[in-house]
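**Student:** here's my sequence, what's the structure:
(one chain, ligands or ions: 1)
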Amino acid sequence: MRDASRSAAAAGLRPWRTHTVRVREILAEVEGVATYDLAFRDESAGAAYRFAPGQFNMLYLPGAGECAISISEDRATSAGYRHTVRVAGNVTKTLTGLRPGDTLGLRGPFGTSWPITDCIGRDVVLVAGGIGLAPLRPAIGSLMRNARQFGRRHLLYGARSPESLLYWRQYEEWSQAGIRVHTTVDRADSRWTGHVGVATLLLERLDAIDARNAVLMCCGPEVMMRFTIAAALNRGFAPDRIWVSLERNMQCGVGLCGHCQMGGEFVCRDGPVFRYDRVAPFLDVEAF
Ligand SMILES: Cc1cc2nc3c(=O)[nH]c(=O)nc-3n(C[C@H](O)[C@H](O)[C@H](O)COP(=O)(O)OP(=O)(O)OC[C@H]3O[C@@H](n4cnc5c(N)ncnc54)[C@H](O)[C@@H]3O)c2cc1C
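**Tutor:** Sure, this is the predicted structure:
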């Protein structure tokens, strides 16, 4: 049984309705990445808007287009809705020209969510690569707030270099809340005293974990997720307790246009968060 929120369409919301949102604040994160804190212009629409960790919105910039962006922080820690964006193409580049007070369009929320209720009573391992930490950050918030419900909680995070570690200012706060934060970088500099190598190595070395009873959630480049899944299976994680968030070229967000279709699954409607055993044929993981 999947622990996934229903899509906006299935929940009877109006998936084509574009809300006008205002940029409240723009936080520079790492090179080429910024977090946009957005507030609904219509306060009643903002108050009614609900989402679950792992879901995404379609952000619309007139003249540039629309693209899928995960919600990267929840309302418990921010009065707005945060989206962490890496410049990729037309829409994300145009976003960088916005300033606080400017407006844009937002449709959503869409997609499935991280299986937080499955984590109750179990150890939890979050594995993120690069900007893949953004969709996991609301899950970190949930795991922090209800700490006693969960077992040991680990975040394994890999970035290209020390300067590209996302949300580094929050690691201390997460650690204080009992989430053990393990970081690694592909390329170290002279000041870096931590791990060097891919996040998969952190998973192989992790000892304080009951793998057979643990939940693993993973988001990052697809090659990194494939290696992570192989390492997790090798360590004894159950295939039905491994969850991944997949990215595919997405247009409508509600399972109609077919751009993000993988076999019988639509990433926008049936994902982006999938239980690994449902999408295993598309990920083609090779065991070590
Ligand atoms: C569910 C979901 C959640 C996402 N969350 C975030 C997020 O939180 N932050 C963020 O920065 N980005 C996120 N993305 C990725 C973002 O939607 C794409 O980068 C998007 O295409 C950017 O739009 P654009 O017009 O700027 O670039 P485009 O002009 O659409 O694309 C630029 C280049 O990237 C390629 N591309 C487009 N989409 C993808 C993709 N999904 N995977 C790999 N390559 C792609 C294109 O082929 C093109 O070469 C998410 C995508 C999905 C499906």
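
**Student:** give me the residue from the chain nearest the ligand.
**Tutor:** Closest residue of the chain to the ligand, C-beta to the nearest ligand atom: residue 89 (2.2 Å). (C-beta placed from N, C-alpha, C; glycine too.)

**Student:** report pLDDT for that residue.
**Tutor:** Residue 89 carries a pLDDT value of 93.

**Student:** now it: closest residue in space, sequence neighbours ignored.
**Tutor:** Using C-beta to C-beta, 6 or more residues apart in numbering and skipping the chain neighbours, the partner closest in space to residue 89 is residue 67 (8.0 Å).

**Student:** thought the one you found was touching residue 57?
**Tutor:** No - using C-beta atoms under 8 Å, residue 67 is not in contact with residue 57; the gap is 9.7 Å.

**Student:** what about these two, which has more around it?
**Tutor:** Neighbour count, other C-beta atoms under 10 Å: between residue 67 and residue 57, residue 57 has more, with 27 against 22.

**Student:** which strand residues bridge that one?
**Tutor:** residue 69 (DSSP bridges).

**Student:** wouldn't it be in contact with residue 66 here?
**Tutor:** No - counting by C-beta under 8 Å, residue 57 stays clear of residue 66, with 9.8 Å between them.

**Student:** overlap in contacts of the two?
**Tutor:** residue 107 (C-beta atoms under 8 Å, 6 or more residues apart in numbering).

**Student:** what parts of this protein come near the ligand?
**Tutor:** Contact residues (C-beta under 6 Å from any ligand atom) of the chain with the ligand: 56, 65, 67-70, 84-86, 88-93, 131, 134-135, 247-250, 272.

**Student:** returning to that earlier point: who are the neighbours in contact with the residue nearest to residue 89?
**Tutor:** 58-59, 88-89, 91-92, 250.

**Student:** repeat for residue 69
**Tutor:** 56-59, 83-85.

**Student:** can you check residue 95 too?
**Tutor:** Under the criterion of C-beta under 8 Å, 6+ apart, the contact partners of residue 95 comprise 34, 36, 59, 61, 85, 87, 104.

**Student:** the third one: neighbour count?
**Tutor:** When you say that, I think you mean residue 59. Residue 59 has 25 neighbouring residues, counting by other C-beta under 10 Å.

**Student:** my guess is it contacts residue 66. True?
**Tutor:** Yes - contact criterion C-beta under 8 Å: residue 59 and residue 66 qualify, at 6.7 Å.

**Student:** three-state assignment of the residue nearest to residue 89?
**Tutor:** strand (DSSP: H, G, I helix; E, B strand; the rest coil).

**Student:** list of residues touching the one helix or strand residue 127 maps to?
**Tutor:** Element membership of residue 127, judged by DSSP states H and E, is strand 124-129. Identification of contacts with strand 124-129 by C-beta under 8 Å, 6+ apart yields 136, 139-140, 143, 150-159, 198-199, 202-203, 206, 209, 214-221, 224-225, 228, 232.

**Student:** in strands, which of those residues fall?
**Tutor:** Judged by DSSP state E, the contacts of strand 124-129 include 153-159, 215-219 as members of strands.

**Student:** farthest-apart pair in the contacts of residue 69, please.
**Tutor:** Distance extremes for those: the farthest pair is 58 and 84 at 15.6 Å, using C-beta to C-beta.

**Student:** residue ranges for the helices of the protein, please.
**Tutor:** 43-48, 90-95, 133-145, 171-176, 199-205, 222-235, 267-270, 276-283 (DSSP state H).

**Student:** for these, which one ends up most surrounded?
**Tutor:** Ranked by mean neighbour count, the helices of the chain are led by helix 267-270 with a mean of 25 (mean count of other C-beta atoms under 10 Å).

**Student:** hang on, the earlier thing: overlap in contacts, residue 59 and residue 66.
**Tutor:** 91, 105.

**Student:** how near is residue 21 to residue 38?
**Tutor:** Between residue 21 and residue 38 the computed distance is 4 Å (C-beta to C-beta, to the nearest Å).

**Student:** between those two, which is the more surrounded one?
**Tutor:** In terms of neighbours (other C-beta under 10 Å), residue 21 is the more surrounded of residue 21 and residue 38; the figures are 27 against 24.

**Student:** that one reaches residue 81, doesn't it?
**Tutor:** Yes - between residue 21 and residue 81 there is a contact at 7.4 Å, judged by C-beta under 8 Å.

**Student:** where do the contact lists of those two overlap?
**Tutor:** Common neighbours of residue 21 and residue 81 (criterion: C-beta under 8 Å, 6+ apart): 38-40, 106.
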